[in-house]
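Participant: got a predicted model here, sequence first, then my questions.
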Amino acid sequence: MSHTASSTAQDFVPFATAALDFHRALNIPGGPLVTTRAELDALHAHLVALYGLLDAHAVRTGQLVPAEGDPLRAARTRIWQAAEHLHSAYHAAPRPDSGEVPEPEACRAGLPDGAPELTICQRHQRTAHLVRRRTTPADLHAPFTGLVRR
C-alpha cells in the first residue's frame, strides 16, 4: 500500500488556487482601494484552512520523513504568522457601517468588535490554541525559517 495520496485527493488544492487567482483578477483591479473587513475575514479563513492542511501534512509526514516534515512545519508556522497579520489588519480596517478607522490603541487592547464581526476572533482563537500546542514561542518569533538555499 502506498503512503502517497491518490490523484483524486490531490485535485482540490489546484482548484482552490485557481479560485484565488480568479477572485484576484476579477475583484482587485476594479474593487475598492481599501481592503474591506469581509475580504480580510475571508482571507483569514483561507489561511486558517491552509494552516490546518499544512499541520496535517507536517504531523503525518514528519513521523515518516523528518527531512520533509521540518520544512512543512516551517511553512505551517509562516502561514500562522500571515494569519496573525490578517487578523490585525481586520481590526485596523474601516468599519463597514461608519467607515471609521479604529484607534490604534483600541486594536492593541484587543477589544472585539462584537457579533457578527467576532467570528474572525473566534476562528483565530481556536487556531491559536492548536498553534500553542504545535509550535514553540521561539519558532513563532524566529526570523529564520530553518530553510537552507542550495
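Facilitator: Arrived safely, thanks for sending.

Participant: burial count for V131?
Facilitator: 20 (other Cβ atoms under 10 Å). Glycine gets a C-beta too; all of them are placed from N, C-alpha and C.

Participant: nope, Y90 is what I was after
Facilitator: Neighbours of Y90 using other Cβ under 10 Å come to 23.

Participant: give me the helices and strands touching the one helix or strand it maps to, please.
Facilitator: For Y90, the host element (DSSP states H and E) is helix 66-92. With contacts taken as 3 or more Cβ pairs under 8 Å, 6 or more residues apart in numbering; DSSP states H and E, helix 66-92 sits against helix 37-64, helix 104-108, helix 118-134, helix 137-141.

Participant: pLDDT below threshold where in this structure?
Facilitator: By pLDDT under 70, the low-scoring segments of the chain are 1-10, 103-117, 144-150.

Participant: which parts of the helix holding Y90 are buried?
Facilitator: Across helix 66-92, burial judged by 16 or more other Cβ atoms under 10 Å covers 69, 71-77, 79-80, 83-84, 86-87, 89-91.

Participant: same question for stretch 21-36.
Facilitator: Going by neighbour count (16+ other Cβ under 10 Å), the buried part of stretch 21-36 is T35.

Participant: contacts for it?
Facilitator: Residues outside stretch 21-36 that contact it (Cβ atoms under 8 Å, 6 or more residues apart in numbering): E39, A89, A93, P94, P96.

Participant: ignoring the adjacent residues along the chain, who's closest to G62?
Facilitator: Leaving aside its chain neighbours, G62 sits nearest to G69 (2.5 Å; criterion: Cβ to Cβ, 6 or more residues apart in numbering).

Participant: okay, stretch 130-149 in PDB with CA atoms only?
Facilitator: Only the C-alpha atoms of stretch 130-149 are listed here, as PDB (Å, rounded to 0.1, in the frame of the first residue of the first chain):
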ATOM      1  CA  LEU A 130      -3.700  24.500  18.200                       C
ATOM      2  CA  VAL A 131      -0.700  26.700  17.300                       C
ATOM      3  CA  ARG A 132       0.300  26.800  21.000                       C
ATOM      4  CA  ARG A 133       0.200  23.000  21.200                       C
ATOM      5  CA  ARG A 134       2.300  22.500  18.000                       C
ATOM      6  CA  THR A 135       4.700  25.400  18.000                       C
ATOM      7  CA  THR A 136       7.100  26.900  20.500                       C
ATOM      8  CA  PRO A 137       7.200  30.700  21.100                       C
ATOM      9  CA  ALA A 138      10.800  30.700  19.800                       C
ATOM     10  CA  ASP A 139       9.600  29.200  16.500                       C
ATOM     11  CA  LEU A 140       6.900  31.900  16.200                       C
ATOM     12  CA  HIS A 141       9.300  34.700  16.700                       C
ATOM     13  CA  ALA A 142      12.400  33.400  14.900                       C
ATOM     14  CA  PRO A 143      13.500  35.500  11.900                       C
ATOM     15  CA  PHE A 144      14.900  32.400  10.300                       C
ATOM     16  CA  THR A 145      12.700  29.700   8.800                       C
ATOM     17  CA  GLY A 146      15.200  26.900   9.000                       C
ATOM     18  CA  LEU A 147      15.300  26.600   5.300                       C
ATOM     19  CA  VAL A 148      18.700  26.500   3.600                       C
ATOM     20  CA  ARG A 149      19.200  27.600   0.000                       C
END
